[in-house]
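# based on what follows, work out the 3D shape:
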Amino acid sequence: MFDAAGVDYRWQFPLGPYVYDFLLPDRLLIEVHGTYWHADPRCYEGKTLTPDQRRNRLHDIDKKLFAAGRGYRLKVVWETDLARRGVTLPDLLDMGPASA
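Just a heads-up that it's a prediction; the model follows:
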């Protein structure tokens, strides 16, 4: 997606103790989260999470706070959105403040 649009990016961007999926211009980090492993709240609201899902959610919060504390914005893209609706590059680039 990024190559086709001519957008500069880094894949597997290390920042402190974390690695983020993509770094785009203007300090925008993109994380692609699996629906199961990261327990997409749209699918798992009110459900009992596995120990792995609970650990991953806490880790995701830590990553988000770490990035924000260093002036990065974070956009989470869920695998279900990529598979079903097809997130487009404008969807990724047209965002407000850091989100999760």
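# tell me the SS of the residue located most distally from the centre of the chain?
Going by Cα atoms, centre = their mean, the residue of the chain most distant from its centre is T48, 22.5 Å out. Assigned with DSSP: H, G, I helix; E, B strand; the rest coil, T48 falls in the coil class.
# how close does it get to R54?
10 Å (Cβ to Cβ, to the nearest Å). Where C-beta positions appear, they are placed from N, C-alpha and C, glycine not excepted.
# just to revisit the earlier point, got the phi/psi numbers for the residue farthest from the centre of the chain?
The phi/psi pair for T48 (degrees, to the nearest 10) reads phi -70, psi 130.
# ok, A67 next?
phi -60, psi -50.
# what's opposite the residue nearest to it when sequence neighbours are not counted in the beta bridge?
Excluding the flanking residues, the one nearest A67 by Cβ to Cβ, 6 or more residues apart in numbering is L74, at 5.0 Å. Judged by DSSP bridges, the bridge partners of L74 are L29.
# and the pLDDT at L74?
Note on L74: pLDDT of 94.
# which residues touch D62?
Y18 (Cβ atoms under 8 Å, 6 or more residues apart in numbering).
# for it, which three-state class applies?
helix.
# measure it to D40 for me?
Computed as Cβ to Cβ, the D62 to D40 distance reads 18 Å.
# all strands for this structure, in order.
Secondary structure of the chain (DSSP state E): strands located at 10-15, 18-24, 28-33, 73-78.
# these: which one's closest to V87?
strand 73-78 (5.4 Å; Cβ to Cβ).
# how much does that closest one deviate in direction from strand 18-24?
Angle of strand 73-78 versus strand 18-24, following axes from the mean of the first three to the mean of the last three Cα atoms, to 10 degrees, is 100 degrees.
# helices or strands next to strand 73-78 in the packing?
Using 3 or more Cβ pairs under 8 Å, 6 or more residues apart in numbering; DSSP states H and E, the elements in contact with strand 73-78 are strand 28-33, helix 51-68.
# buried deepest among these, which one?
strand 28-33 (a mean of 19; mean count of other Cβ atoms under 10 Å).
# let's see that strand as PDB, backbone CA atoms only.
Output in PDB follows, covering the C-alpha atoms of strand 28-33 (Å, rounded to 0.1, in the frame of the first residue of the first chain):
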ATOM      1  CA  LEU A  28       3.000   8.600  12.600                       C
ATOM      2  CA  LEU A  29       3.300   5.000  13.800                       C
ATOM      3  CA  ILE A  30       1.000   2.300  12.400                       C
ATOM      4  CA  GLU A  31       0.300  -0.900  14.300                       C
ATOM      5  CA  VAL A  32      -1.600  -3.800  12.600                       C
ATOM      6  CA  HIS A  33      -3.300  -5.800  15.300                       C
END
